[in-house]
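What would the 3D arrangement of this be:
(chains A and B)
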Amino acid sequence: MPSILMPALSPTMEEGKLAKWLKNVGDVVKPGDVIAEIETDKATMEVEAVDEGPLTAILVPAGAENVKVNTPIAVIGEADAAPAPKADAPKAETPRAGAAPVAAPAVITSGAPADAGIPAGAEMVTMTVREALREAMSEEMRRDPEVFLMGEEVGQYQGAYKISQGMLDEFGDKRVIDTPITEHGFTGLAVGAAFAGLKPIVEFMTFNFAMQAIDQIINSAAKTHYMSGGQLNCPIVFRGASGAAARVAAQHSQDYAAWYGHIPGLKVVMPYSAADAKGLLKSAIRDPNPVVFLENEILYGKSFEVPKVEDWLVPIGKARIARVGHHVTIVSFGIGMTHAMAAAEKLAAEGIEAEVIDLRTIRPMDLAAVIESVKKTNRCVCVEEGFPQFSVTSEIAAQIMTHAFDYLDAPVARVAGKDVPMPYAANLEKLALPNADEVAAAAKAVLYV
Amino acid sequence: MAVKSAYISKKSGKGDKPNLTNSGFTTEEELYAYREMLLIRRFEEKAGQLYGMGFIGGFCHLYIGQEAVVVGMEMAQKEGDAVITSYRDHGHMLAAGMDPKGVMAELTGRRGGLSKGKGGSMHMFSKEKQFYGGHGIVGAQVPLGAGLAFANKYRGNGQVSVAYFGDGAANQGQVYETFNMASIWKLPVIFVIENNRYAMGTAATRSTAQAEQLGARGAAFGIPYEQVDGMDVRAVRDAAERALDHCRSGEGPYILEMLTYRYRGHSMSDPAKYRSKEEVQKMREEHDPIEQVKARILNGKLATEDDLKKIDAEIRAIVTEAAEFAQNDPEPDVSELYTDIYVNA
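Take a look at the predicted model:
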């Protein structure tokens, strides 16, 4: 008889909490009956029965966390058909650490020079990128009454991706402003408010929608300081998810690092870890220039260690050495770092020590950090999820050629998204994105091994 | 600027209008409007000349014929009210009290230009005068102007933003996105549609539904609107006062559709094949905003022919000085190429 599986609430959900059972074993349920509530850090949702019959077994107890999508949670029908013994079910006290991202924080922080910003002995707390972004905005809004947040669903809905959850309650609707679905208009409006000296944070539900507003970002926000001979600046942050999420196809999966990285007058930030997301967003909000802050939906739910210090700021324009090595340099940023770090692990198992550099900022780019590393390793692989042509990695390769040509023992290799619109089918989508094996293979290629 | 200061004292007054002439303007107001409009007219004529001589490059959009719109609006505004407009912006800058030398030197791309020569005709700004450009993308200034109003409302400072756009921009989608937000958030912004009948070379009747009532497009958003004779500075000033009162009272945006006319082409390279010479001539003869004021001044004996000649001479001197400065000021230092891209954080 049919078992009920843990459902996914969103394209990127991998696991969630089984909050509550609304039916008991023995109850007869009909299709459409709400039988349970499940939660993620983004939302709560009801689970409806699709079959009819007695609820014969509950396989996952109420309160269980980290229940993987598609785990059987209950059985409707004959008791003897229960497919999974109860002992296999996750327990309510399953530690969150089970959800640690590919790159464990311990690896990221060890001996990395850019982490010198963390005071010795500072307490570290585990938080998701989502929570880090929320803390950054909330702290800055407490600090400066001229900072405000506007965007679609940032207020009453609590954020389409729950970044702004709870902020309406704290700051009120004067400072957490739900906009109509009107990207071109509200972006221009926010830029005008920034010309007048306010410090808007504009949330794009995703940067795919910001293409409707790109004229205001580039022609109005980025260029006016120059065109006014330095009279009129635009202290604004445009932030939101960029790049591929999961199974949302070509129009919702584009990476905008190269697009905005092209434009003088903009700063472009693309963090990977929660610590950088928090520290860089706070710096971006304080920056007197327009900053495009590119997040990633898949990273929102990933947990990292974040220093618990008074005012955690990460400077814009400084790369971070995420892993020290001497055989080959791997440069990446944003979610590309997950592939870079995983590849470094694989390479280490084969005795190859990769130095991994997280650019963190696309513009202004910390080329000095890249060049310095390449002068040491003489080999470089650049990694990004964006399209390969006219990309951030092509820029890095060109700069290395210009500034470190004589140090190279092999041509710079690039691993990027494939040169195709993002497909929907799961297998094709996977092929379209870079992965750790491709990065490791590229590293071996430049090492000629 | 001397031309400007003569009028400032009245603006801060509480609406007392002593010595009203039959036209509804005081003598002082008639003379003020005359001087301001004449300054724009003579400045633009000179800019046209300098363009022909090769001193001004790129695009140059002259405001000749439309002077009453910006001068009438400016007469009703208070200090601190923000102004933003499109690329046909020289008149707006002069009316805002920006230095004619700085405007003209920007047109010639010199270091003394208001944007140090980096912006040109379409991109000048003055924080001091609350003039926020000068925007080259048709319609972009409309949400920007609403943003200035948003800031005023956020700060509760009682100031109003005036966002100008043309009948061409009235077909841009972002205008209606802005109407919607301005209405739901009750932003203190006046949308001034300068309907000069032609979007570049395309007549509004060929490009625009319900072209005879552009302001009515605000009705769908619940925004009050008026259609105004934009060639009559008195009508403009009166409508502006109503609009400003509405905005300052917290009731949200207001639309003023100004029926106006530009005598010159869209830009200096306009072949003018889309309208007849007779049409332009008829406007000039029957509706010229400066001639209307001049006639009222002389007929009402508010000033003599000689008084006006004296004003003409003053204006010519200002414009000549601006033109000489703009031709002789050096180009920007080459080091300026890489400055002002970012503000130092």
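
Give me the neighbour count for A:Cys136.
Residue A:136: Ala, not Cys. Counted with other C-beta atoms under 10 Å in any protein chain shown, residues neighbouring A:Ala136 total 28. Placement of C-beta: from N, CA and C, glycine included.

Report the contact partners of it.
For A:Ala136, the contact set (C-beta atoms under 8 Å, 6 or more residues apart in numbering or on different chains) comprises A:277-279, A:281-282, A:285.

from the chain's centre, how far out does the helix or strand hosting it sit?
If you go by DSSP states H and E, A:Ala136 is part of helix A:129-143. On the basis of C-alpha atoms, centre = their mean, to the nearest Å, helix A:129-143 sits 15 Å off its chain's mean C-alpha point.

next SSE after that helix?
Sequence-wise, the next helix or strand downstream of helix A:129-143 (DSSP H and E) is strand A:147-151.

Run the contact check for that following strand versus chain B.
Yes - Strand A:147-151 comes into contact with chain B (C-beta under 8 Å from any C-beta of the partner chain), by way of A:Phe148.

Could you list the paired strands of that strand along with their orientation?
Under the criterion DSSP bridges, strand A:147-151 sits next to strand A:176-178 (parallel), strand A:199-206 (parallel) in its sheet.

What residues sit buried inside the shortest one?
Along strand A:176-178, these residues count as buried under the neighbour rule (16 or more other C-beta atoms under 10 Å in any protein chain shown): A:176-177.

What is the burial count for A:Phe405?
8.

mind checking the SS state of it?
helix (DSSP: H, G, I helix; E, B strand; the rest coil).

ok so, going back, so which of the strands paired with strand A:147-151 is the most surrounded?
strand A:199-206 (a mean of 26; mean count of other C-beta atoms under 10 Å in any protein chain shown).

what residues does that strand touch?
Strand A:199-206 is contacted from outside by A:137, A:144, A:146-154, A:159-161, A:163-164, A:183, A:186-187, A:190-191, A:193-194, A:210, A:213, A:235-242, A:245, A:252, A:285, A:297, using C-beta under 8 Å, 6+ apart.

Give me the distance between A:Val392 and chain B.
The gap separating A:Val392 from chain B is 19 Å, by C-beta to the nearest C-beta, to the nearest Å.

got a pLDDT number for that residue?
Listed pLDDT for A:Val392 reads 98.

OK, now which residue of the stretch 1-150 of chain B is nearest to chain A?
Nearest residue of the stretch 1-150 of chain B to chain A: B:Gly147, at 2.1 Å (C-beta to the nearest C-beta).

ok, now how distant is the residue nearest to that residue when sequence neighbours are not counted from B:Gly120?
In space, B:Gly147 comes closest to A:Gly192 once its chain neighbours are excluded; the distance is 2.1 Å by C-beta to C-beta, 6 or more residues apart in numbering or on different chains. Going from A:Gly192 to B:Gly120 by C-beta to C-beta, to the nearest Å gives 21 Å.

Which one of the two is surrounded by more residues?
More neighbours surround A:Gly192 than the other of A:Gly192 and B:Gly120, with 34 against 22 (other C-beta under 10 Å).

what are the ranges of the helices in the stretch 201-350 of chain A?
For the stretch 201-350 of chain A, the helices defined by DSSP state H, counting those that start in this stretch cover A:214-215, A:224-227, A:257-261, A:274-286, A:297-300, A:336-349.

correction: chain B
For chain B, the helices defined by DSSP state H occupy B:2-11, B:27-52, B:67-76, B:90-95, B:100-107, B:141-155, B:173-184, B:204-207, B:233-248, B:277-287, B:289-299, B:305-328.

Inside strands: which ones of the contacts of strand A:199-206?
A:147-151, A:237-241 (DSSP state E).

what's the weakest-modelled helix or strand in chain B?
Sorted by mean pLDDT, DSSP states H and E, the helices and strands of chain B end with helix B:2-11, the least confident at a mean of 38.

Quick check: residues of the stretch 201-350 of chain A near chain B?
Checking the stretch 201-350 of chain A against chain B by C-beta under 8 Å from any C-beta, the hits are A:215-216, A:219-220, A:224-233, A:264-265, A:267, A:283, A:286-289, A:316.

Spell out for me the ChimeraX command that would select the buried members of those residues.
Of those, the buried ones go into a single ChimeraX selection, burial set by 16+ other C-beta under 10 Å:
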select /A:215,216,219,220,224,225,226,227,228,229,230,231,232,233,265,267,283,286,287,288,289,316
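
quick one: low-confidence ranges for the chain?
You didn't say which chain, so I picked chain A. For chain A, applying pLDDT under 70 flags the ranges A:1, A:41, A:78-116.

actually it's chain B I care about, not the one you picked
In the predicted model, chain B carries pLDDT under 70 at residues B:1-23.

One more pass at 50, please.
For chain B, the stretches with pLDDT under 50 are B:1-18.

So what does the closest residue to chain B within the stretch 301-449 of chain A look like in phi/psi?
Residue nearest to chain B within the stretch 301-449 of chain A: A:Ile316 (7.2 Å; C-beta to the nearest C-beta). With angles defined as degrees, to the nearest 10, A:Ile316 sits at phi -70, psi 140.

Equivalent analysis for A:Glu39, please.
Taking degrees, to the nearest 10, you get phi -130, psi 150 for the backbone angles of A:Glu39.

Does it have any beta-bridge partners, and if so which?
A:Lys17, A:Thr44.

Please list all residues in contact with it.
So A:Glu39 contacts A:16-17, A:19, A:45 (C-beta under 8 Å, 6+ apart).

how about a cut-off of 7 Å?
By C-beta atoms under 7 Å, 6 or more residues apart in numbering or on different chains, the residues touching A:Glu39 are A:16-17, A:19.

Please report which of those has the highest neighbour count.
Within those, neighbour counts (other C-beta under 10 Å) peak at A:Gly16, which reaches 26 neighbours.

Let me see the ranges of the strands in the stretch 1-150 of chain A.
Using DSSP state E, counting those that start in this stretch, the strands of the stretch 1-150 of chain A run over A:3-5, A:15-21, A:28-29, A:34-39, A:44-48, A:53-58, A:64-68, A:72-76, A:124-128, A:147-151.
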